[in-house]
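[1] What would the 3D arrangement of this be:
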Amino acid sequence: KFYSPEQLVGKKVVVLCNLKPAKMRGVESQGMVLAAGTEQVELLVPPADSAVGERVKEEGGDEPVPDPVLKSKAQAKVWDRVVEELKTDKECRATYK
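    Numbering: from 1, shown residues only. This next block holds a predicted model:
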């Protein structure tokens, strides 16, 4: 149901950045690898021609503007509102709204 560190080495993934730093299993984390699934978890994969570190956006969407690091509990609740609108389509592509 989960990926091991060895399974992630060399893979291009989508990472949600600018999160408040938090210790997870003794390591400081400032981001979250995006994945979806119920029975089987699958990674959200960026377009094949995307460069490492490049921002990804929805097809036809505006250029993303990063938020500052989310520090307060009120700001962190933004994720709770956004996550409900994140889905995958029949081709396992990420969609929003």
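[2] Can you report how many residues lie near Val15?
    Neighbours of Val15 under the rule other CB atoms under 10 Å: 14. Quick note: C-beta positions are derived from backbone N, CA and C, even for glycine.
[3] got a list of what it touches?
    By CB atoms under 8 Å, 6 or more residues apart in numbering, Val15 lies in contact with Gly31, Met32, Val33, Leu34.
[4] hmm, try it at 6 Å
    Val15 sits next to Gly31, Val33 when contact means CB atoms under 6 Å, 6 or more residues apart in numbering.
[5] got it, and Lys87?
    Thr95.
[6] Confirm it sits in a strand?
    Yes: looking at Lys87 with DSSP: H, G, I helix; E, B strand; the rest coil, it is inside a strand.
[7] All further residue positions should be reported with the first residue as 57.
    Fine by me, first position is 57 from now on; the one you just mentioned is Lys143.
[8] List the beta-bridge partners for it.
    Following DSSP bridges, Lys143 is listed with bridge partners Thr151.
[9] I'd like the distance between it and Arg81.
    Distance of Lys143 to Arg81, computed by CB to CB, to the nearest Å: 29 Å.
[10] and the residue in the chain sticking out farthest from the centre, what does it touch?
    Distance from the C-alpha centroid of the chain, by CA atoms, centre = their mean, peaks at Gly82 (21.2 Å). For Gly82, the contact set (CB under 6 Å, 6+ apart) is empty.
[11] what does the model give it for pLDDT?
    pLDDT, Gly82: 88.
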